[in-house]
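A.B. asks: need a structure here:
(2 chains)
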Amino acid sequence: MADTVQTWGATATDKAAAKPNTMQLLLRRRSTVAFLMCLPLIAIIVCLVIYPAFYSIYLSLLNKAQTRFIGLANFTYLMSRDTFWMVVYQSTIFALAAVFFKALIGLITAHLVNNLPAKGQRKWRGMLLVPWVIPLALSTLGWWWMFDPTNSAFNYTLRSLGFSGVPWLSDPYWARFSVILVNVWYGAPFFLIMYLAALKSVPEQLYEAAAIDGANAWQKFIHITLPMMRNIIAITVLFSLIVTFANFDIVQIMTAGGPRNMTHMFATYSFLLGIRSGDLPLGAATSLFMFPILAIAAIFILRGVRKRGREIG
Amino acid sequence: MSSLSRRSVLKTAALGSAAAIASPYVRGAYAAGSLTLGCWDHWVPGANAALDKLAKEWGDKNKVEVKIDYITSQGEKDKLTAAAEAQAGTGHDIMSHRDWNIRIHQDKLEPLDDLVNGLIGKYGPISPVAEYLAKIKGSWRGVPTTVGSQVKPCCSRIDLYKEHAGIDIPALFPADESKWDKAKVDGWNWDTYVTAAQKLFKAGFPVGLPMGQTSDAVDWVGGLFNSYGVVMVDAKDNIKINSDETRVAMEIARKIMEVSPPDVYAWDDAGNNRWLISGKGSNIMNPPSAWAVAKRDNPKVSEQCWTHPVPRGPKGRFVGQLPQFYGVWSFSKNKQAAKDFLTFVSQKEAVASLVEASVGYDLPSFKSMYDLKTWNEVGPPAGTVYGYPPRGDEQTSITGAPARSEVGAQIYNQAINTVMISKFTQGKEKLDDVIKWAEKELEGTLRA
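C.D. replies: Predicted structure coming up:
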């Protein structure tokens, strides 16, 4: 009845108002609203990720004074340097070793936490996440004090127990070990939380069925847990590989690339060449070398994830 | 009500225009606008306040609002800020630049020839290191600052040298240059230094010379290399590292490293300070910051510290110098005010207040200013930092010179000299292999 009254009493203006215009139609589409809500994030990504990425590609193609286009000369120059290849080797060792140990420790602790009684589990989860939530620069400074070349807290303890001190940062190989250790300490909680989430999503019935078939804990892990977690493991490893390859803070604070350039990573070496030595194009070229390495890793890992996704589908 | 004729308006406008052209900036009540500075954040408490005071004094007199942002050099934040401002073409009017940064930003810095040449005319010769770093293609692109500029002479423990090495350091370098005995001072050479270092090592108080890749390490090794005549790359781009001079200097370095704490390869610029302050070290090469901190944290050590010239080599006595500069960006909106302010803070009276506030740490680039009373007065012990400004036959030097400054910057920042010594001593590589490695690295620095 009310509708009828409205229709009879409607003026020309009311009719126009009743018919939505293009903008209103556009706003009613869910994809448009979604796009508008994402717009601030897109703007941030464009300004802080895409623009700097393209700008660094542009920079890497210029000469030292940034006055002339020199094509790929910066890249070919780098490839002719022994120190640069040492940086490639060190970055690879650092990233692979750190990601492997982070994944291993994350997997073990995730299982341990998952098997804790539900009541105390939250406390343990919170405590184990602490390294990951402390600002990295601060925690690394703490580690540096413990590894301090002259007044190391670790060495003090070792000497008090009758052992000799360890040249944590002054010996190149121990220095490599130390920076990897700090990276593992910082990054393992990320793996823990991801793996814990994955473990909790494994249907309990599968384990029950396996138990009925007489499977032991190891067999359950190999034949149920691991296959169910493969995708999350792959994606976590990929994310971590990218972040670890690009690591700057830990090495810069603890060793600044020394001794003898033997702990430099792509990011710290790029900083040395670009900012400290004033050759921004060469610094940009160094940092861009990470891109193909990570792109290849991403292609292989994501291809595996998609393949498994199709199998499940 | 006054009448405003067309003629009077034109007259006023003409006078105003003439005044604007004649005077660099209008001295009205803050009509000259503002002047912004990005300055190095001094580590000495109270030293920034001295610069603030000078800025206020000049600003009030000239009706310019001066604003100073202090930027720490921790993590090279000051260099990052300068790089960002240079790329963006906007930022402070005046920026302080450490070591090689003037060269790096030379194309975006205003020439300051009138200013610096005026100071040279008034105060005499300027430090050759400052000239090497800031005079580019015949034009001064930065004016050396007092704030933060430093040299790195020896700071030795009086008691330990006397007891274990038989050397009376204050008697050798008393706090009055006219009393220095030339023959005895000449005897303070690298061989004497090594012999003393060996004795002090045996006594359990090794010298603490860093061998990492930061400036304290690069600077003392640069002084050693220069005193033996080692040239890495000459001014005409010739690589000269493969020489007998290099081999002799490397041997001296090896002897020193043999009696140094094994941690020196990982020391940053604070490592040697901590070593001396802890009471374990007998000698470092550093500005008087270690002594100043010891005065607060370990007074018994500070009372035994004496700053004095570095050892001499066959080619002379060279101390590492690291000057800082103020540069005026070419995109500054108040260039004339910036130049006037820099002229003001470079006068001897202003310099004296800055040196005093930094307890003698800051070092002007004019030798004629080395007679400031601060270096005679601070203590204990009285006269402890008299030997901080280069005196006698001590000359200043910087690693990388005499190569073109574009090349020198890379030699310095990549610490090629200390990596050479680390490879030779810690890495036990053959000297010829180390020199070959250095030749290849130096070849890379010559890239256009």
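A.B. asks: so how many other residues sit close to A:Ser80?
C.D. replies: Residues lying near A:Ser80 (other C-beta atoms under 10 Å in any protein chain shown) number 11. To be clear about C-beta, it is placed using only N, CA and C from the backbone, and glycine gets the same treatment.
A.B. asks: Now do it against B:Leu446, distance only.
C.D. replies: 13 Å (C-beta to C-beta, to the nearest Å).
A.B. asks: swap in B:Gly281?
C.D. replies: B:Gly281 sits 38 Å away from B:Leu446 when distances are taken as C-beta to C-beta.
A.B. asks: Just want to know which of these two has more residues nearby.
C.D. replies: Legend: neighbour count by other C-beta under 10 Å for B:Gly281 and B:Leu446, higher for B:Gly281 (27 against 15).
A.B. asks: give me every residue that touches that one.
C.D. replies: When contacts are counted by C-beta atoms under 8 Å, 6 or more residues apart in numbering or on different chains, B:Gly281 touches B:157, B:205-208, B:272, B:275.
A.B. asks: centre of the chain versus stretch B:158-176, how much separation?
C.D. replies: Computed by C-alpha atoms, centre = their mean, to the nearest Å, the chain-centroid distance of stretch B:158-176 equals 26 Å.
A.B. asks: quick one: buried residues of that stretch?
C.D. replies: Using 16 or more other C-beta atoms under 10 Å in any protein chain shown as the test for burial, stretch B:158-176 gives B:158-162, B:164-165, B:167, B:169-170, B:172-175.
A.B. asks: Any chance of these in a markdown table with distance to chain A as columns?
C.D. replies: As requested, those are exported to a markdown table (distance: C-beta to the nearest C-beta, whole Å):
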| residue | distance to chain A |
| --- | --- |
| B:Ile158 | 22 |
| B:Asp159 | 21 |
| B:Leu160 | 17 |
| B:Tyr161 | 21 |
| B:Lys162 | 25 |
| B:His164 | 20 |
| B:Ala165 | 22 |
| B:Ile167 | 25 |
| B:Ile169 | 24 |
| B:Pro170 | 27 |
| B:Leu172 | 29 |
| B:Phe173 | 28 |
| B:Pro174 | 32 |
| B:Ala175 | 31 |
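A.B. asks: Quick check: the farthest pair among the residues you listed?
C.D. replies: Among those, the pair separated by the greatest distance (C-beta to C-beta) is B:His164 and B:Ala175, at 23.4 Å.
A.B. asks: what helix or strand does the closest residue to B:Pro261 other than its chain neighbours sit in?
C.D. replies: Of all residues not flanking B:Pro261 in the chain, B:Pro206 sits nearest, at 5.5 Å (C-beta to C-beta, 6 or more residues apart in numbering or on different chains). B:Pro206 is part of no helix or strand, with elements assigned from DSSP states H and E.
A.B. asks: residues touching the nearest residue to B:Pro288 once chain neighbours are set aside, list them.
C.D. replies: Take B:Pro288 and drop its neighbours on the chain: the residue closest to it by C-beta to C-beta, 6+ apart is B:Val385, 4.6 Å away. Residues counted as contacts of B:Val385 (C-beta under 8 Å, 6+ apart) are B:288, B:291, B:307, B:360, B:375, B:378.
A.B. asks: Highest neighbour count among those residues?
C.D. replies: Using other C-beta under 10 Å as the neighbour test, the contacts of B:Val385 are led by B:Trp291, with 31 neighbours.
A.B. asks: how close does it get to chain A?
C.D. replies: According to C-beta to the nearest C-beta, to the nearest Å, B:Trp291 and chain A sit 18 Å apart.
A.B. asks: Who are the contact partners of the closest residue to chain B within the stretch 201-313 of chain A?
C.D. replies: Nearest residue of the stretch 201-313 of chain A to chain B (C-beta to the nearest C-beta) works out as A:Gly278 at 3.4 Å. Residues in contact with A:Gly278 (C-beta under 8 Å, 6+ apart) are B:100-101, B:103-104, B:406, B:409, B:413.
A.B. asks: cool, B:Gln321 as well?
C.D. replies: Applying C-beta under 8 Å, 6+ apart, the residues near B:Gln321 are B:127, B:129, B:149-152, B:219, B:390, B:396-398.
A.B. asks: Quick one: mean pLDDT over the helix or strand encompassing it.
C.D. replies: Take DSSP H and E as the rule and B:Gln321 turns out to sit in strand B:317-322. What strand B:317-322 shows for mean pLDDT is 97.
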